[in-house]
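**Student:** the following block contains a protein sequence and its predicted model.
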Amino acid sequence: MILEDLNQLPEKDAHHMFMQCCTSSAWVTRMVEARPFASHEALTQAADEAWKGLTEQDYFEAFEGHPKIGDVSSLRAKYANTKELAGNEQGLVKEANDEVLEVLSQGNADYEEKFGFIFIICATGKSAKEMSDLLQARLPNNREQEIVNAAEEQRKIFQLRINKALAEG
């Protein structure tokens, strides 16, 4: 898709495209309403601006659109909605050994129990070991800091997905 196509999409189709990037309905609505974009840079800036000032519940809605890192059954179920652009984001997890996946799985469970939402990380290019180490490093944080961290990781993810959507044009 090219930027001109995105700008001219019917609202329903634009909504679908942005939902592939981030499942926060408030963010998607802001992005659809922000069109047309004068440039790719304007689009990415608008995406960041739309993300700022959302509520905690909006962030949680976006986080719910992600599978748990390394959880194959969760990957299948949750990627169903964002599979067009989420593609192979956790590709390196497939190469992990059982021990690393066990630590990652337990870390995910500990994280979700402590913070009340799943561990969010921009997984592109990271091995399961790297993600597990990052998860362990974030576990001691307080909830407020983790909301900030997770929101920033989500921002990185939707920016990658926007770039991927436009690159496929």
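**Tutor:** Yep, that arrived. Just so it is clear, the model here is predicted, and its values are computed rather than measured. Numbering: from 1, shown residues only.
**Student:** quick check: mean pLDDT across the strand or helix carrying Lys114?
**Tutor:** Using DSSP states H and E, Lys114 maps to helix 98-115. Averaging pLDDT along helix 98-115 gives 87.
**Student:** please apply the same query to stretch 154-169.
**Tutor:** 90.
**Student:** relative to the whole chain's centre, how far out is that stretch?
**Tutor:** 10 Å (C-alpha atoms, centre = their mean, to the nearest Å).
**Student:** on contacts alone, who are the packing partners of the helix or strand hosting Ala26?
**Tutor:** Element membership of Ala26, judged by DSSP H and E, is helix 25-34. Under the contact criterion of 3 or more C-beta pairs under 8 Å, 6 or more residues apart in numbering; DSSP states H and E, helix 25-34 touches helix 11-21, helix 40-51, helix 56-63. (Glycine included, C-beta is placed from N, CA and C.)
**Student:** quick one: contacts of the shortest one?
**Tutor:** When contacts are defined by C-beta atoms under 8 Å, 6 or more residues apart in numbering, helix 56-63 is touched by residues 22-27, 117-118, 120, 147, 150-151, 154.
**Student:** cutoff 6 Å now
**Tutor:** 22-24, 26, 117-118, 120, 151, 154 (C-beta atoms under 6 Å, 6 or more residues apart in numbering).
**Student:** buried ones in stretch 112-119?
**Tutor:** Under the neighbour-count criterion of 16 or more other C-beta atoms under 10 Å, stretch 112-119 has 115, 117-119 buried.
**Student:** need these in CSV with secondary structure, can you?
**Tutor:** As requested, the buried residues of stretch 112-119 are exported to CSV (DSSP: H, G, I helix; E, B strand; the rest coil):
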residue, secondary structure
Phe115, helix
Phe117, coil
Ile118, coil
Phe119, coil
